[in-house]
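Q: sharing a model that was predicted from the sequence below.
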Amino acid sequence: MLIDSHVNLHAPQYDEDRDAVIDRAREAGVGLMVNICDRVSNFETCYGLTTHQDIWATVGTHPHEAKENPGLSVADLLTLAQRPKVVGIGECGLDFHYDFSPRDIQAAVFSTHVQAARQSGLPLVVHTREADAEMWEILSDEHAKGAFTFLLHCYTSGAELAKKAAGIGAYFSVSGIATFKAAQDVRDIIADMPAERIIVETDCPYLAPTPMRGRRNEPAYVTHVYDKLAEIRGWTREDTIARTTDAFYALFKRIPRA
């Protein structure tokens, strides 16, 4: 069984054929997907897909959307996290590439998510882009206040942040970016990630892997990410599936292992 740890199946890109996309994922061997919440105001739409037995969800607000609710509280997140198929807090974090939300609001909202992850015991799904120093400052400061489990999803930041984050227990997810011709720096970092803390994702509908690049991404394409991860790490496909499956269930503890 393959796992896609980060999908956005509630996105409007799937409005015309969502059920067919889910069927194709299953036909490709994908037996479990985590649908990632982009903003708390959209949580019900995201969570609605968990009526499918093989789809779970998170709750949180992406840094792009942080300005929508700068007063988001820990209690808001914890209340929604009580839903039975919520398995993580996020996607949250910092994105200084686009700055769609002011940086101070991104940081404040991110810290709220960290506190919710710590209190709930659920893993934190972290987005970080062009904010390595600021991301490490928040992660290290918050970790000093009390441990929490976190995933740096679709990791494309620097090697130094990866090393520091790994030192405090970070998990990492590998996406289709690893297949891109110009992404050797990303592959070099993947080669050094802790072997027991790597999982796989598509981040669909974005970042379709080679040879699907340029198309709308979907969970069925995660097979290409598994193959590239195996190549980078020198693992067999079977070993790659086994290792990443173990890591996935170690991270998302609320999901019962099949």
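A: Right, received. Where do you want to start? Only a predicted model underlies this, so the values are computations on that prediction, with no experimental measurement involved. Residues are numbered from 1 along each chain as shown.

Q: which parts of the stretch 1-150 of the chain are helices?
A: Counting by DSSP state H, counting those that start in this stretch, one finds helices in the stretch 1-150 of the chain at the ranges 18-27, 43-48, 74-81, 103-120, 132-145.

Q: show me the one of these that comes nearest Ala66.
A: Distance to Ala66, taken as Cβ to Cβ, is lowest for helix 103-120 among the helices of the stretch 1-150 of the chain, at 4.1 Å. For glycine as for every other residue, the C-beta is placed from the backbone atoms N, C-alpha and C.

Q: quick one: distance of the closest one to the chain centre.
A: 16 Å (Cα atoms, centre = their mean, to the nearest Å).

Q: who does it touch, helix- and strand-wise?
A: helix 74-81, strand 86-95, strand 124-129, helix 132-145 (3 or more Cβ pairs under 8 Å, 6 or more residues apart in numbering; DSSP states H and E).

Q: picking up where we left off before, so which of the helices of the stretch 1-150 of the chain comes closest to Arg215?
A: helix 18-27 (12.1 Å).

Q: show me what counts as buried in that closest one.
A: Val21, Ile22, Ala25 (16 or more other Cβ atoms under 10 Å).

Q: is it correct that Leu151 falls within a strand?
A: Yes. Applying DSSP: H, G, I helix; E, B strand; the rest coil, one finds Leu151 inside a strand.

Q: gap between it and Ser140?
A: 17 Å (Cβ to Cβ, to the nearest Å).

Q: still on that earlier bit, pLDDT and distance to Lys163 added to the buried residues of helix 18-27, as TSV?
A: Shown next, in TSV, are the buried residues of helix 18-27 (pLDDT from 0 to 100; distance: Cβ to Cβ, whole Å):
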residue	pLDDT	distance to Lys163
Val21	98	36
Ile22	98	37
Ala25	98	33
